[in-house]
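Colleague: let's see this in three dimensions:
(one chain, ligands or ions: 2)
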Amino acid sequence: MIEVKPKSFESLLSEAITKAKTNNDTQLISMTEEIRKVDPVRFFASARKLSMDRVFWTSTSEQFSIAGVGNAWKVEAEENRTEVIESRWQKLLDEAIVHNPYKVPGTGLVALGGMSFDPSVRKSELWNNFSHGSFQIPILMLTRRASRYYLTTSLEVRGDDDPNELNKWVVQAKEMVMDRTEWLPDSPGINTQQEIAPGQWKDTVKHAADMIKSRDAEKIVLARELRVRLKKDASVASILKNLMAAQPNSYVFAVERDGDCFVGASPERLVKQEDEQLFSVCLAGTAPRGKTDEEDREIARQLLHDEKNRSEHDFVVKMIRKSMETCCDAVYVPDKPVIHPFKNLQHLYTPVTARLQKGYSIFDIIEKLHPTPALGGVPREKSMTYIREHEQLDRGWYGAPVGWMDSNRNGEFAVAIRSGLVQGNIVSLFAGCGVVRDSDPEAEYEETKIKFRPMLSVLED
Ligand SMILES: C=C(O[C@@H]1C=C(C(=O)O)C=C[C@H]1O)C(=O)O
Ligand SMILES: [Mg+2]
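Modeller: Ligands and ions are numbered 1, 2, ... in the order given. Sure, this is the predicted structure:
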């Protein structure tokens, strides 16, 4: 990475264009400035006018958000995705010309995106616009951290570009996305809901549980789809706004590809990196919320001691610990889970901390962790084969890592659950649950029903 201190964005452009001409190659530049307050959701909404892919990420509890639009750089990988993405990202980090005096996580060079749950599955029509791995550096990116706001502008230039023209376009685009008067429409309202093959799904749960009883596997996560037809086309910005309000301790995210948008509010962190420090979470085991405080506490107490839910949870803990130990020091995992309540349900939760050893990157961690038994199963390959053969659905990006990373070894990835794919007025929602030997198909069905609630409730009018 080449750090520079240009007088203006235009002078940075001129410098980069000259360099591109000399090298007969493209050149990526990126410049970050601190700006006055702009609401990230409004930024996302206004960015629609640019008709380019948008991306959104927030860890609401930390008041940290990123909203971006356009592709200054993009990597799409259908095969060997982590190697392809990592090598392209490393090359970019070596060559980019950057001005970012702030060093705030999530500013400067930031790649946002995600991947599909299972790269060996042939994509269905539904997920046509989403590659097995896809990351972008937005052209315009807003980063909010508590009460500070930063705008990063990145562009890839060629030797024959005109700095003046490019600069003019950037100035106009900035004005457009920072329009503070952008209006957010109300929730679209739901016309019809169609559960995809619920009976068959319950039969599969029974089949999987029987297989586990005969010791052919230990845990298999099975998901199903709910297809929703809205009264009008969804405004993703409004969905984001409502998700942030309704699910304050979840990661609210959106990744748009050619008009389709994958959106969700996930309670599950896969991994967060701050230099060599890693934070992960084991989240599995579910119960509803109580109607009164007393009932809520009683349900929580039962969940903590419930053998079936504890076994679902413990598979995840064991696997995350083991994976971390292959490339980290100081792996710390508490002995027992605690309850983590969310708006619609409560989960068993065990946090994990670790120190990443030299020579490993966040890609190595993602590759080792995904899919954890919270979304795949135990043993990993057996459960994946079972899912491929029996689930009536293309998971696409559901249940897979989604998030961001920057050039200073900061990043965070969530497991993309409580999510849906928005295509105009059609939304495909996904929810699954961990099947273990004592799973009852009817109870698992009810559990998935609650897991649809976070997304469903923000679509209803
Ligand atoms: C698979 C999902 O959630 C996962 C399954 C859980 C369970 O079965 O108890 C709990 C949290 C997640 O690990 C989902 O929400 O779709
Ligand atoms: Mg469960």
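Colleague: what ranges do the helices span in this protein?
Modeller: 9-23, 40-46, 81-95, 163-177, 198-213, 236-246, 293-305, 307-325, 362-369, 380-390, 441-459 (DSSP state H).
Colleague: deepest of the ones you listed, which one?
Modeller: Neighbour counts (mean count of other Cβ atoms under 10 Å) averaged over each of the helices of the chain peak at helix 40-46, with a mean of 25. Bear in mind the C-beta positions are built from the backbone N, C-alpha and C, glycine included.
Colleague: list the helices and strands that helix packs on?
Modeller: strand 54-59, strand 64-69, strand 140-145, helix 163-177, helix 236-246 (3 or more Cβ pairs under 8 Å, 6 or more residues apart in numbering; DSSP states H and E).
Colleague: distance of the residue of the stretch 151-300 of the chain found nearest ligand 2 from residue 310?
Modeller: Using Cβ to the ion, the closest approach of the stretch 151-300 of the chain to ligand 2 is made by residue 286 at 4.4 Å. Distance of residue 286 to residue 310, given as Cβ to Cβ, to the nearest Å: 12 Å.
Colleague: over to residue 149?
Modeller: Taken as Cβ to Cβ, the span from residue 149 to residue 310 is 43 Å.
Colleague: same question for residue 338.
Modeller: Taken as Cβ to Cβ, the span from residue 338 to residue 310 is 12 Å.
Colleague: joint contacts of those two?
Modeller: 304, 348 (Cβ atoms under 8 Å, 6 or more residues apart in numbering).
Colleague: just to revisit the earlier point, the residue of the stretch 151-300 of the chain closest to ligand 2 contacts residue 447, doesn't it?
Modeller: Yes: between residue 286 and residue 447 there is a contact at 5.4 Å, judged by Cβ atoms under 8 Å.
Colleague: what's the overlap in contacts for the two?
Modeller: Residues within reach of residue 286 and of residue 447 at once, by Cβ under 8 Å, 6+ apart, are residue 433.
Colleague: what residues are up against residue 277?
Modeller: 353, 354, 355, 356.
Colleague: that one bridge partners, please.
Modeller: With DSSP bridges applied, residue 277 shows beta-bridge pairing to residue 274, residue 355.
Colleague: separation between the closest residue to residue 164 other than its chain neighbours and ligand 1?
Modeller: Among residues not flanking residue 164 along the chain, residue 10 sits closest, at 7.2 Å (Cβ to Cβ, 6 or more residues apart in numbering). When distances are taken as Cβ to the nearest ligand atom, to the nearest Å, residue 10 and ligand 1 turn out to be 48 Å apart.
Colleague: would you agree residue 10 is in contact with residue 162?
Modeller: No: checked against Cβ under 8 Å, the pair residue 10 and residue 162 is beyond contact range at 10.8 Å.
Colleague: quick check: buried residues in stretch 329-341?
Modeller: 331, 333, 337, 339, 340, 341 (16 or more other Cβ atoms under 10 Å).
Colleague: on that earlier part again, what sits against the residue nearest to residue 164?
Modeller: So residue 10 contacts 163, 164, 167 (Cβ under 8 Å, 6+ apart).
Colleague: check contacts around the first one.
Modeller: Residues counted as contacts of residue 163 (Cβ under 8 Å, 6+ apart) are 10, 13, 14, 17.
Colleague: where does it land on pLDDT?
Modeller: Residue 163 is assigned 94 on the pLDDT scale.
Colleague: for the residue nearest to it when sequence neighbours are not counted, give me its contacts.
Modeller: Nearest residue to residue 163, sequence neighbours excluded (Cβ to Cβ, 6+ apart): residue 13, at 4.1 Å. By Cβ under 8 Å, 6+ apart, the residues touching residue 13 are 29, 155, 157, 161, 163, 166, 167.
Colleague: so the residue nearest the centre of the chain versus residue 409, what's the distance?
Modeller: Among the residues of the chain, the one closest to the centroid is residue 402, at 2.6 Å (Cα atoms, centre = their mean). Residue 402 sits 19 Å away from residue 409, taking Cβ to Cβ as the criterion.
Colleague: same question, residue 452
Modeller: 36 Å.
Colleague: looking at it, residue 270 is touching residue 401, isn't it?
Modeller: Yes: the pair residue 270 / residue 401 is scored as a contact, 5.2 Å apart, by Cβ under 8 Å.
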